[in-house]
Every structure is written in structure tokens, then in C-alpha cells.
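K.L.:
With the input below, show me the fold.
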Amino acid sequence: MKLREIAAALGCRLEGDGELEIRGLAGMEQAGPGELTFLANPKYAPKVKHTRASAIVAAEPFPPLASLVSPNPYLDFARALALFYQPPKPQPGVHSLASVAASAVVGENCSIGPFAVVGERVRLGRNAVLHPHAVIYEGAVIGDDFLAHSHTTVREFCRIGDRVTLQNGVVVGGDGFGFAKQPDGTQFKIVQSGVTVIENDVEIQSLTSVDRATMGETRIKRGAKIDSLVQIGHACLVGEDNIICAQTGLAGSTVLERNVLLAGQVGSSGHLTVHEGAVVYAQSGIGGDVDAGARISGSPAFAANEWLRAITAFPRLPELLKTVRELRKKVEELEKHVKPDAASG
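P.N.:
Below is the predicted model of the structure:
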């Protein structure tokens, strides 16, 4: 593909030779002749002169390197990548080894692979792709352009919107973790009678669980992106355009408002609200409500700027403790000498 064609497809300004033939994309250090790279963070600009790439996507030109000038280089590099690679899409049709209930309603152009199961009274929208061993339980309702990779499960009566992607091993609507202790000390299972609702344009990565509610619903709102190995507990609400990174766990009834970012291995206790635009750094433990726009860290989490000061001081605590003990000893010695003089006065 010629560089000028890529520029036109992305709407970027071309600086340099538009006739260059681009065969692929790569990172700045790995790219070679015939490849397109990108610069998203200006602090890495000195590395541009060492790249062997034929062209670059950047916020400004880098002559003599041919450049695609973009206001958002990272986004346009991602868009360029989609020009060169599209994952294979199975042909429409129901495989002879799939099981589709007679009462299920399957939309046009769907592809249902071998050993996939579509249960009774399921409604599946147009252009859905169910890869092998995907399972849709009874009564689930799913919109258009749904993509379920192998070994995904959508449990009974759950609702999923349009353009939702579930990566391998995702479970939508598994039972919430609810038990009541009986007088004899044994645990009585609480029926999880609610559902899970996934709105439009959500993607959930591999081996993540989104539990159904005890009553009511667990809801993932439009545009949220959830990484691998995440646990969303019963009756949680995940807001629009949230980013939830790997190994995060949300206890039941956690509410995340719009544009919240939870970094890896964040843990949240239940019945709290993380307000709009908050950022929670990796391995933080959230024990209470988080203000809108806040940046918090640590376990228990508190303001990130204060946490940085605290963590800087932490390795010095033994030295500081030693100093405090020495100062305390000196003060006690001074007090011994001062008290008799004060009495004599």
C-alpha cells in the first residue's frame, strides 16, 4: 500500500514521498525499510533518528523521514494497523455440529461454529459470530454484530447490545457470590435472580467474569473496555468508556461513573462509588467513595501525590526511627539537667 493511500485513508497530512510502498507497521525500534512506525510521546523523539522505518506517524514532520502528520498519532497508528490486518471472519451459516434450539431466533448473516450452543428462546441479532464451544443459555437477548470467541458463556436471560466482543473464556451472568450463614454454621446459597446487561460497543477480554445480580441487574455501560482476569461482582455498575485493567476485582454493588480508569490489580470493596474521571493506580485498594477527577494510589488508597511522598519516605523509616530515638534520648538528658535548675530558681 502506498504511503499516500494510507494518508488519504487516515486523513493525515503527508510530508515526504507519497509513492513509498508500505508493507506493514512496527514499533520504532523494530521497524525496518518498507514499514510505518509512530511517535505518540514527545519524550521519545530522540529515538526517531535511529529508526530504520520508511515513514512515521507523528504530531509533526521528521524530515528526511516521510511523515504522516496527525493530531493523535497513537489513534491514527491504530487505524493504520487495521488497514493491514483484519482477523479472519467465518462464513455465515450454522455448522452441522452446532446446536441451535428450535425456539431460538437467529438473525441474518450469523456464523455459528462447531459445538457452539444456542439455547431455547435466545434472540441473536444480525452478523453475530459464535466461535466453537461458545454457549448462549436460555432466554438471552443479543444485538447485532456480536462476536463470541471460543469457550465464552452468556448465561440465562442476560441482555447484550450491539457490537459487543467477548474474548476467549468470558462468562457473562455467572452466579454472584452470595451465601447466608445458617444456625448450624453451614452456608445457604442465595438464589441469584437478577441478570447481567452489557450495553453497546463493549469489549471484554479473556477469562473475565461479570456476575449476575442477586436481584435487579449488573450493568456494563456503553463503550467500557474490560481487560483479562477481571472480576465484576453482582449488582455492580461500570460506567461509559471505563478502562478496567487486568486482575482487577470489584466487590458487589460497586459503582463506577463515566471515564473511570482502574489500573491492574485494583481491588474495590462493595457499596461505594468511584466518581467520573477518577484514576486509580495499580494495586490500589479502594475502601470508600472516590471524588470525581481524583488520582489515588496505595492500599488503602488515598491521593496519589501524597502516596508518592509516603512511598518515597517508606524505605527511610528505619533511619528516621533511629534518628527520632536519638533525639528523644537527648531531650530526656537535657530535661534531667534543666529540672534541678528550675527548682532551685
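
K.L.:
Only C-alpha atoms from now on, for both contacts and neighbour counts.
P.N.:
OK.

K.L.:
check which helix or strand covers Arg4.
P.N.:
helix 3-10 (DSSP states H and E).

K.L.:
Show me which positions of that helix end up buried.
P.N.:
Residues 3-7, 10 are the ones in helix 3-10 that count as buried (16 or more other C-alpha atoms under 10 Å).

K.L.:
Using TSV, lay out those together with distance to Tyr74 and pLDDT.
P.N.:
Formatted as TSV, these follow (distance: C-alpha to C-alpha, whole Å; pLDDT from 0 to 100):
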residue	distance to Tyr74	pLDDT
Leu3	17	96
Arg4	19	96
Glu5	19	96
Ile6	15	96
Ala7	14	96
Leu10	12	96
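
K.L.:
Now render these as a markdown table, adding distance to Gly143.
P.N.:
Shown next, in a markdown table, are the buried residues of helix 3-10 (distance: C-alpha to C-alpha, whole Å):
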| residue | distance to Gly143 |
| --- | --- |
| Leu3 | 37 |
| Arg4 | 37 |
| Glu5 | 34 |
| Ile6 | 32 |
| Ala7 | 34 |
| Leu10 | 29 |
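
K.L.:
what about the stretch 201-345 of the chain, any weak spots by pLDDT?
P.N.:
339-345 (pLDDT under 70).

K.L.:
Asp184: what's it in contact with?
P.N.:
Asp184 sits next to no residue when contact means C-alpha atoms under 8 Å, 6 or more residues apart in numbering.

K.L.:
Check whether it sits in a helix, strand or coil.
P.N.:
coil (DSSP: H, G, I helix; E, B strand; the rest coil).

K.L.:
so what pLDDT did it get?
P.N.:
Note on Asp184: pLDDT of 97.

K.L.:
Who are the packing partners of the helix holding Arg4?
P.N.:
strand 13-15, helix 73-84 (3 or more C-alpha pairs under 8 Å, 6 or more residues apart in numbering; DSSP states H and E).

K.L.:
hmm, back to that, quick one: which of the buried residues of helix 3-10 is nearest Leu83?
P.N.:
Proximity of those to Leu83 (C-alpha to C-alpha) peaks at Ile6, which lies at 8.2 Å.

K.L.:
from what I can see that closest one touches Ala82, true?
P.N.:
No: when contacts are counted by C-alpha atoms under 8 Å, Ile6 is not listed as touching Ala82 (11.0 Å).

K.L.:
Could you list the domains of the chain?
P.N.:
According to automatic domain parsing, the chain comprises the domains 3-84, 93-305, 315-344.

K.L.:
and the shortest one, which residues are buried?
P.N.:
Pointing back at domain 315-344 there. Of the residues in domain 315-344, none is buried (16+ other C-alpha under 10 Å).

K.L.:
just stretch 57-65 next, same as before
P.N.:
57-62, 65.

K.L.:
Now do that stretch: distance from first to last residue.
P.N.:
Distance between the two ends of stretch 57-65: 10 Å, counting by C-alpha to C-alpha, to the nearest Å.

K.L.:
Repeat that for stretch 290-309.
P.N.:
Stretch 290-309 end-to-end distance (C-alpha to C-alpha) = 20 Å.

K.L.:
Distance across stretch 289-299, terminal residue to terminal residue?
P.N.:
Start-to-end, stretch 289-299 (C-alpha to C-alpha) is 14 Å.

K.L.:
Contacts for it next, please.
P.N.:
Residues contacting stretch 289-299 (C-alpha under 8 Å, 6+ apart): 272-286, 302-305, 307.

K.L.:
what's the neighbour count on Gly270?
P.N.:
19 (other C-alpha atoms under 10 Å).
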